[in-house]
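Visitor: with the sequence up front, the predicted model follows.
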Amino acid sequence: MAERVQQPPAKRLCCRPGYGSTCRQGQRAAGAPCGSSGATQGESSRTQSPETLLDIAARKVAEKWPFQRVEERFERIPEPVQRRIVYWSFPRSEREICMYSSFNTGGEEIGSSGESGDETRLPFRRGIALLESGCVDNVLQVGFHLSGTVREPATPSEPELVCNVSVSFDRCKITAVTCSCGNKDIFYCAHVVALSLYRVRKPEQVKLRLPISETLFQMNRDQLQKFVQYLITVHHTDVLPTAQKLADEILSQNSEINQVHGAPDPTAGASVDDENCWHLDEEQVQEQVKLFLSQGGYHGSGKQLNLLFSKVREMLKMRDSNGARMLTLITEQFMGDPRLALWRQQGTAMTDKYRQLWDELGTVITGTQTEFQPICGSFTFFWFQFLNSLSRPHRTVFTRAIEACDLHWQDPHLQNIITEDHYTNYCYHENLDSSLFDTRGWPLWHEHVPTACARVDALRSHGYPKEALRLAIAIVNTLRRQQQKQLELFRSHKKELLNRGITAVTNLEGWVGHPLDPIGTLFSTLMETGRGSEEGTLLDFSGHPVFPAQRFLEEGESFLSLAVETALIGLGQQRVMPDGLYAQEKVCRNEEQLLGKLQEIDLNDMLVKIFRKQAVLLLEAGPYSGLGEILYRESVPMHTFAKFLFTSLLPHDAELAYRIALRAMRLPVLESTNPSSDLSRPHHIVSVVPNRYPRWFTLSHIETQQCELASTMLTAAKGDARKLETVLESIQKNIHSSSHIFKLAQDAFKIATLMDSLPDLTLLKVSLELGLQVMRMTLSTLNWRRREMVRWLVTCATEVGVFALDSIMQNWFTLFTPTEATSVVASTVMSNSTIVRLHLDCHQQENLANSARTLALQCAMKDPQNCALSALTLCEKDHNAFETAYKIVLDAAATGMNYTQLFTIARYMEHRGYPARAYKLATLAMTHLNLSYNQDTHPAINDVLWACALSHSLGKNELAAVIPLVVKSVKCATVLSDILRRCTLTTPGGMVALHSRRNSGKLMSLDKTPLRQLLDATIGAYINTTHSRLTHISPRHYSEFIEFLSKARETFLMAHDGHIQFTQFIDNLKQIYKGKKKLMMLVRERFG
């Protein structure tokens, strides 16, 4: 709280005409301690003696009457009476002090220990700590004013601080606070708390004086003069200017101060016209809300605003008028947020976190409007006018609040429900949908469910827990009756609806995710009562026990079980998915919040009975239930709810648990066919319908929840072949995401192969089936995890057994691409690790190898470019298969394969000891190659050099056949010169010479074919390259060009007339490029 250091001005003027110069000389009103007359606040709880009539009367007057009215009513008030009224006027409960110095009391008992975990830094807890540490001193109560000093002990970082604190109060409420600490906050500071609690807990230790005006009335002139002079002397630096100013005005006959009867007294209590409310620093509320809003709900500001909303609700429950004042201030700051106008101008939506805050504001406002009119109707009228001034022509968060203002409470049936514990009619036999009582004679309340629940929330918000509980029970009994009626209606039309195969929307406005949170309101109301005590009692806000009508509960039923059943009814409601990202996220968020609360409850026999009852009803309720047989295509899925039901029911009724979970697996919004189509095929695959409306922004989250439900069932069904088969069929039918099916396959594999038990073969087969479905789904689509999926499937098939491996190889074309089948599947199957893992005998090894070779040949036929080499590798140990693979390569070489692939296979052939076949493939590769003059770093150069070396090693004839291909394909001079030099270093036929004696040992002549052809081509390539480079040469490349000519000269000189040719070539360059003087000068310097 922003405490003001200056004392606020007095609220009224005090004057006693009956007192004058005849007053008793020197009579004092001071000196008696607070507890000197009558019983003290603390004594009444420690002694058995009855209170005096004086204390009883003074306490009632102090609670209800402003002191001015007391003075006006009685001409002479005895001093003991004044003292007891002043004594009882201070607040006696710590609850309100806690409310104004911490975010939320939480309905807990306020003890003296101050232990509250994370709340230890709240002002209230710190104030308790200061009080218990003896830091409060100099406490004095003068009339309706309390003052004292509070010492803040020194810390390692801060020195000791002594704060002067004062508190004004009236009719058991603190109306003003000041503290010299300078703290600025919405709440009272810890020093104000410490002083206030000192007065509450230790009233007998507080010196009490009557209002200062009463003391002054009893002084004569000399005493008054002495009093004033001493006061000025003690505080002359502070009050002397003010004292002189007041003296001048009093001595002036025409001054304003002399026109007023009496004088102000800050200790004299409130006037008749003063509003009686607790002190609330409105300026700080505005500043804090503005600050939180500027942070957009981030950095903890959203949590702080929600705590302020909770504080408003808490004040309303305490029937504190500041709740409305605080809500008004918050609303004005929300409406004044400058970003609203900015977003409106830009046409952009507010952020999700910010919108959540607006939704919460709207909910709180609505709760304040749907009031119990006979008790607080005037407040509704004020807010109706205020909200109308804020609302715009279209619907806003205030629209529901304005509509709530029109709700009335005069209905006699409603009045009886909320005011009577024994309101029944056992003679009532009307069985219409709008019946006022059920067949048991218990009252029902038929109204739009969110509106009816808003009434409950309003009663709770305004501090009427008994009334809220009575109405909540009537609403829940109405929901249960409607649920039974809907079941009967569906059964009577079941055949017609099932034949039609479709259903209309039964509820456009779902209860879970609704802005008014009807199910959450009912659940909280009943849970508060259920946790109040084992007997179902509830404490009201005065601390007195409330005994709600338990006769409206079934035998053995409790408010806790009723709350659980209410949540199950709401969560199971079939409802349409709302439009927009925010609304859809809110549905998911509210569902998870409600389920989180249910998970905190330990199931007993009664709750298990409730779960079973609701599960059966939800399964049989047709289009009214999200788990019914007929489901609207745009209905909110039940996966998260069903997972909770499944895990809750599984230990008690496994069959029912599986029925619920299997029914909830549906996701019709993704089905491309209508619900009457046959979706029972195990490999039925459908795609997302692209033009569905509305757009489901939370579809990814929904599919994840569907996957988690399926995974939970798979885990629970381990060891049960029948259930596993059923779950598998449901997954294959309902899940349409390959990634999620792959996750389920992996989950099943992990569960089936746990280290502490033998592998579960049935679950392994389920894992394999899911993996096969993933392969089929992703075969023709791009998926970055595809290679991981293929490797995992082979691993899974290996765990299942040799028959599974054989099966996937026989049906490879429906599962894998040819590349995947050869490079991953067949290679892994034929690896030694697989053979060892499966413990295969020779016969089994051969059969598996045959399947792999057959697969390899089929893949090579379909995709020779990518699979030929793998096929050759896999078929090495089988001559016929190898020959077949080689023939496939030759057939594809002419058209379908590029030079890189052919060179790779050719090198493989040489490595495997087939040089002739390598040579043939190399020549085929050369026909596809084309190297231009400037591609001297082309990756195929090494392959060309290898091919020429292979031909040279095979003999002159092979080399003679290759060189024309080289001359045709290679135009790069440096590559050709390299080949030429290599061919002249050794005699051809080196490889043949190792096996025969036909090698003559003579080097090949450059003047004869085939080397003459290669030499001419090399010289020509140098000439052409030289001219090409000179066309765009720059000075920085001159030295590089000179080196290039030097290499060219070496090649020229290999010819018998090479010297002449090179000289002519240089002269020709000098003539053609004589304009490049610097370059030609360098040429002449090097070559003459």
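Guide: Everything's here; your move.

Visitor: only C-alpha atoms for contact and neighbour calcs from this point on.
Guide: OK.

Visitor: mean confidence score for stretch 72-92?
Guide: Stretch 72-92 shows a mean pLDDT of 87.

Visitor: quickly list the domain ranges of this protein.
Guide: 53-89, 90-104+121-223+274-279, 282-407, 409-423+434-531+553-635, 937-986+1005-1087 (the TED database).

Visitor: with distance to residue 844 added, can I get the ones you listed in TSV?
Guide: TSV is the format used below for those (distance: least, C-alpha to C-alpha, whole Å):
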stretch	distance to residue 844
domain 53-89	98
domain 90-104+121-223+274-279	74
domain 282-407	62
domain 409-423+434-531+553-635	50
domain 937-986+1005-1087	41
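
Visitor: possible to save these as a markdown table with distance to residue 859 and mean neighbour count?
Guide: Listed next are those as a markdown table, based on distance: least, C-alpha to C-alpha, whole Å; neighbours: other C-alpha atoms under 10 Å:
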| stretch | distance to residue 859 | mean neighbour count |
| --- | --- | --- |
| domain 53-89 | 96 | 17 |
| domain 90-104+121-223+274-279 | 72 | 20 |
| domain 282-407 | 53 | 17 |
| domain 409-423+434-531+553-635 | 43 | 19 |
| domain 937-986+1005-1087 | 26 | 17 |
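
Visitor: check the offset of the longest strand anywhere in the chain from the chain's centre.
Guide: Longest strand in the chain by number of residues (criterion: DSSP state E): strand 161-170. Taking the mean of its C-alpha atoms, strand 161-170 sits 45 Å from the chain's own mean (C-alpha atoms, centre = their mean, to the nearest Å).

Visitor: what strands line up against it, and which way round?
Guide: strand 145-152 (antiparallel), strand 173-179 (antiparallel) (DSSP bridges).

Visitor: which ones are touching residue 745?
Guide: By C-alpha atoms under 8 Å, 6 or more residues apart in numbering, the contact set of residue 745 is 766, 767, 768, 770, 771.

Visitor: show me these that map onto helices.
Guide: 766, 767, 768, 770, 771 (DSSP state H).

Visitor: got a winner among these for most neighbours?
Guide: Among the ones in helices among the contacts of residue 745, residue 767 has the most neighbours (other C-alpha atoms under 10 Å), with 30 neighbours.

Visitor: and residue 182, what element?
Guide: Using DSSP states H and E, residue 182 is not contained in any helix or strand.

Visitor: same question, residue 240
Guide: Assigned by DSSP H and E, residue 240 falls in helix 236-251.

Visitor: residues contacting stretch 167-181, please?
Guide: For stretch 167-181, the external contacting residues (C-alpha under 8 Å, 6+ apart) are 3-8, 62-66, 88-92, 144-147, 163-166, 188, 191-192, 196, 267, 269-270, 276-279.

Visitor: now with 6 Å?
Guide: Contact with stretch 167-181 is made by 3-5, 62-63, 89-91, 144-146, 163-166, 278-279, as judged by C-alpha atoms under 6 Å, 6 or more residues apart in numbering.

Visitor: same question, stretch 300-317
Guide: 292, 323, 461, 462, 463.

Visitor: residue 239 and residue 214, how far apart?
Guide: 22 Å (C-alpha to C-alpha, to the nearest Å).

Visitor: what of residue 772?
Guide: 96 Å.

Visitor: quick check: mean pLDDT across the longest strand of the chain?
Guide: 91.
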